[in-house]
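# Here is my input; please provide its structure:
(chains A and B)
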Amino acid sequence: MPLQSIIESLLFIHGEPISREQLSRITGATPDDVDSAIAAIRDDFRTRGIVLVEKDGDCQFGTHPDNAAAVSALLKSELDGPLTRASIETASIIAYKGPLTRASIENIRGVNSAIALRNLHLRGLIKRAPNPEDGRAPLYQVTIDFLKHLGLTRIEDLPSYDEFRLRAGDDAAHPQIANDAAVTDSPVQTV
Amino acid sequence: MITLYYVDFYVRQEKFEGPLDLLLELITKEKLAITDISLGSVADEFLARVKGMDGVSQKELGEFLVVAAQLLLIKSNALLPHIADKTPEDAGAGDLTARLKEYQKFRTVTAALQKCEAGGRRILTRVATENDRRAFSPPPSCLPALLSAALTDILLSRPERIVLPQGVIRRVVSLEEKMKHVQRLLADSLQKNFGDIVGMANDKMDIIVSFLAILELARKCAIVIDQDRSFGRITMGKADATAEAI
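I've put the predicted structure just below:
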């Protein structure tokens, strides 16, 4: 079977986010081949009931955001309630400027953000990563669940994301943007 | 999927998320651009709002006060440019303009994301995954005795509750207060003895302070102390008007 088909099967059965390294290891394909197979999956599934959600090299199959009502009716699960403005504000700073420390977040908001961070963390929308510069101040970043919560398949789908990143001057930290630029005109994500 | 039932304890009476939020609201209301001049012009209203805040914790209030101080600095620099403060705090004032501009961008984005969330177009992922198959597979060594021993260990290692001694802070009577009090008493009557003055004392500390107050008043010649014979009653009286200026 072609690599793309194998990866689709793996994503389907695994359910949870799976890293490109893991896919490369399991399939024995080179990272480049995995990348192009994933790009093909992203394209092929654009108009289907399944979407490919990606964050920091991790991939996961999810339901199409337009079908959220029907899917949650089947699961009979109450979706988590909406986030408070403080939480969304905090999450947006982390999404656009992350990874960054709590001090940097609070400098932008001008207010203590411990509670908002705790709530976001409890809901699995952000995660901590070790800070190579200061072990006592972990770096915060948004998770793949944060994207799913908003119905986005990739972080670049956030409103004006590229503009923010370019102004911040750290687009080099996300070379993926350049690679994927050709396929960002996704009709799926017109939020 | 695990549904987290969490309680949002973030109760606030103000509709502002913080000082920058309030500042932005004031400037937007006046349809002003974010500049040092516009910040200076809303300083008074900012202070008035902070003054009117009720039920805000001291920590939160502190955040507002830091910004209030920066606003006052900006305003004073605008009013008195020739003696404008050029110390590093001045950089902090310029910083407030930049910070507010950045905060404004995030507030715009926050509104967009809230709309995004309200759209309810969530992506859901598989509920039962391969990784969710769970089984109870204890190792052979896991016998009731081992579990019981482990539980005993846990119970024994529970930290003991430490009861910290508690004290009540007592009201402090200042020497100055006491001196005024003694002078008032002596102003009403011609003469009093020590017992009259300490008679109304509540405790030992009060007596000591009264005694010190009397000594200090005598030193300043504000009162006159007299004892007609050894071990006799000590009487105190108001000093001459000339010596009364304390």
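
# Okay, buried residues for the lowest-mean-pLDDT helix or strand in chain B please.
One helix or strand of chain B scores below all others by mean pLDDT, DSSP states H and E: helix B:194-198, with a mean of 75. Using 16 or more other Cβ atoms under 10 Å in any protein chain shown as the test for burial, helix B:194-198 gives B:194, B:197-198. C-betas here are computed from N, CA, C, even on glycine.

# B:S41: which of the residues you listed is nearest?
When the buried residues of helix B:194-198 are ranked by distance to B:S41 (Cβ to Cβ), B:I197 comes first, at 58.4 Å.

# who's in contact with that closest one?
Shown in contact with B:I197 (Cβ atoms under 8 Å, 6 or more residues apart in numbering or on different chains): B:182, B:185, B:210, B:214, B:236.

# buried subset of those residues?
Buried among those (16+ other Cβ under 10 Å): B:182, B:210, B:214, B:236.

# The second one and B:V182 touch, don't they?
It refers to B:S210. Yes: judged on Cβ atoms under 8 Å, B:S210 makes contact with B:V182 at a distance of 7.0 Å.

# Tell me the helix or strand right after the least confident helix or strand of chain B.
Following helix B:194-198 in sequence order, the next helix or strand is helix B:204-219 (DSSP states H and E).

# Compute the number of surrounding residues for A:V34.
Neighbourhood size, A:V34 [other Cβ atoms under 10 Å in any protein chain shown]: 24.

# Which neighbouring residues are in contact with it, exactly?
Contacts of A:V34 (Cβ under 8 Å, 6+ apart): A:3, A:7, A:20, A:23-24, A:27.

# What separation is there between the residue of chain B most remote from its centre and B:L147?
The centre of chain B is farthest from one residue, B:P140, which by Cα atoms, centre = their mean lies 57.9 Å away. Counting by Cβ to Cβ, to the nearest Å, the separation of B:P140 from B:L147 is 14 Å.

# With B:F46 instead?
62 Å.

# Mind checking which of those two has more residues around it?
B:F46 (21 against 11).

# Would you mind giving me the confidence score for that one?
Looking at B:F46, its pLDDT stands at 87.

# thinking it is in contact with B:L26, fair?
Yes: the pair B:F46 / B:L26 is scored as a contact, 6.1 Å apart, by Cβ under 8 Å.

# from what I can see A:Q4 touches A:R42, true?
No: using Cβ under 8 Å, A:Q4 is not in contact with A:R42; the gap is 10.5 Å.

# Please identify which of those two sits among more neighbours.
Between A:Q4 and A:R42, counting by other Cβ under 10 Å, A:R42 is the more crowded of the two (20 against 16).

# buried residues in whichever strand or helix holds that one?
Using DSSP H and E, A:R42 falls within helix A:31-44. Residues A:33-35, A:37-42 are the ones in helix A:31-44 that count as buried (16+ other Cβ under 10 Å).

# what's the answer for stretch B:39-50, then?
Using 16+ other Cβ under 10 Å as the test for burial, stretch B:39-50 gives B:39-43, B:46-47, B:49-50.

# again with stretch B:121-129
The neighbour-count criterion (16+ other Cβ under 10 Å) identifies B:121-126 as the buried residues of stretch B:121-129.

# Kindly report the same for stretch B:102-117.
B:102-107, B:109-110, B:112-114, B:116-117.

# then it to PDB, C-alphas only?
Only the C-alpha atoms of stretch B:102-117 are listed here, as PDB (Å, rounded to 0.1, in the frame of the first residue of the first chain):
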ATOM      1  CA  GLU B 102       0.100  45.400  22.400                       C
ATOM      2  CA  TYR B 103      -2.700  44.700  24.800                       C
ATOM      3  CA  GLN B 104      -5.100  46.300  22.400                       C
ATOM      4  CA  LYS B 105      -4.100  43.900  19.700                       C
ATOM      5  CA  PHE B 106      -4.700  40.900  21.900                       C
ATOM      6  CA  ARG B 107      -8.000  42.200  22.900                       C
ATOM      7  CA  THR B 108      -9.000  42.400  19.300                       C
ATOM      8  CA  VAL B 109      -7.800  38.800  18.800                       C
ATOM      9  CA  THR B 110      -9.600  37.700  21.900                       C
ATOM     10  CA  ALA B 111     -12.900  39.000  20.500                       C
ATOM     11  CA  ALA B 112     -12.200  37.000  17.300                       C
ATOM     12  CA  LEU B 113     -11.400  33.800  19.200                       C
ATOM     13  CA  GLN B 114     -14.500  34.200  21.400                       C
ATOM     14  CA  LYS B 115     -16.600  34.400  18.200                       C
ATOM     15  CA  CYS B 116     -14.700  31.400  16.900                       C
ATOM     16  CA  GLU B 117     -15.600  29.500  20.100                       C
END
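
# is that stretch anywhere near chain A?
Yes: with Cβ under 8 Å from any Cβ of the partner chain as the criterion, chain A is reached by stretch B:102-117 at B:102-103, B:105-107, B:109-110, B:112-117.

# from those residues, which ones fall inside helices?
When DSSP state H defines the helices, the subset of those inside them is B:102-103, B:105-107, B:109-110, B:112-117.

# ok, the residues you listed vs A:L52, which is closest?
For those, the nearest to A:L52 is B:C116 (18.9 Å; Cβ to Cβ).

# Would you mind confirming that that closest one makes contact with A:K148?
No: checked against Cβ under 8 Å, the pair B:C116 and A:K148 is beyond contact range at 11.8 Å.

# in whichever strand or helix holds A:S72, what's buried?
Using DSSP H and E, A:S72 sits within helix A:68-75. Buried residues in helix A:68-75, counted by 16+ other Cβ under 10 Å: A:68, A:71-72.

# Which residue, neighbours along the chain excluded, lies closest to A:L158?
A:A95 (5.9 Å; Cβ to Cβ, 6 or more residues apart in numbering or on different chains).

# no no, A:P159
B:A112 is the one closest to A:P159 (Cβ to Cβ, 6+ apart), at 4.4 Å.
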